[in-house]
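Undergrad: With the sequence up front, the predicted model follows.
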Amino acid sequence: MTATHLLTPSALPQLAADEKSAQVTDWAARIGWVVGILLFIALVYWLMREGWKWRGTLQGDLPELPSRPSPTTTLNGGGKPPLPDVPSEPGATKLELTGRYHGSTTAGQWLDRIVAHGLGTRSRVELTLTEAGLDVVRPGARDFFIPKEALREARLDKGIAGKVLAEGGLLIVTWAHGDKLIDSGFRSDHAAEQADWVETLNNMIDNTEIDGTGAGIHSTTETEGAR
């Protein structure tokens, strides 16, 4: 005789009630776990957001990003008048690139992310290198322009602002802004062309230094680095 046969008719309603109660208890525990996880995620997001804002406040002394009218950065698009001593026309286009912008950091410190003026926002990017400098156009984010006098170095690297790719997967452009040296990281949709960018940018930087047109910015950043 099985255990089921031993159950009396009066015990059956009690058994059904116990099973129903157990089911309600399980659902309550599951709901509690879900709510707890959601609250934890919300707390982490809030802390990250506050940290981002705090970092932006600390970097409040970073000057406004340079920009000027050009085929890719126009006054109608939110640009500004040409910078002093920067040609009103960009000159011949040397190179063009489409890909992704992965962020900017203090030069040589790949985890010290710069978030002021939208530099911390990752986005698609369109780069145009001309005789006047480097136009950085970011759909959905803030564009900026790096005058040729501010360019310091170009190299291939694997990481910036916490983003790590294969060795040589990132085009890193070092440039001077105010009294700060900045590394900005880009990833071309066609990675093979990044080597040409490094060579062309470094040749352009060498020629600028020979001409002496970058002396003003160069001396400022050297002074800052010596502090």
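TA: Noted; the coordinates are in hand.
Undergrad: State whether H117 is indeed within a strand.
TA: No: per DSSP: H, G, I helix; E, B strand; the rest coil, H117 lies outside any strand segment and is helix.
Undergrad: so the nearest residue to it once chain neighbours are set aside is in which element?
TA: Nearest non-adjacent residue to H117, counting by Cβ to Cβ, 6 or more residues apart in numbering: L65, 5.0 Å away. (Each C-beta comes from the backbone N, C-alpha and C, glycine too.) Counting by DSSP states H and E, no helix or strand carries L65.
Undergrad: repeat for W175
TA: W175 is part of strand 170-177 when elements are defined by DSSP H and E.
Undergrad: now do G120
TA: Counting by DSSP H and E, G120 is part of no helix or strand.
Undergrad: wait, isn't it in contact with H102?
TA: No: counting by Cβ atoms under 8 Å, G120 does not reach H102; the two are 10.4 Å apart.
Undergrad: between these two, who's got more neighbours?
TA: Per other Cβ atoms under 10 Å, whichever of G120 and H102 has more neighbours is H102, with 24 against 18.
Undergrad: On the three-state scheme, the more buried one is what?
TA: Relying on three-state DSSP, one would call H102 strand.
Undergrad: residues touching the closest residue in space to it that isn't next to it in sequence, list them.
TA: Using Cβ to Cβ, 6+ apart and skipping the chain neighbours, the partner closest in space to H102 is G185 (4.2 Å). By Cβ atoms under 8 Å, 6 or more residues apart in numbering, the contact set of G185 is Y101, H102, G103, S104, T105, D157, I160, A161, K163, L170, L171, I172.
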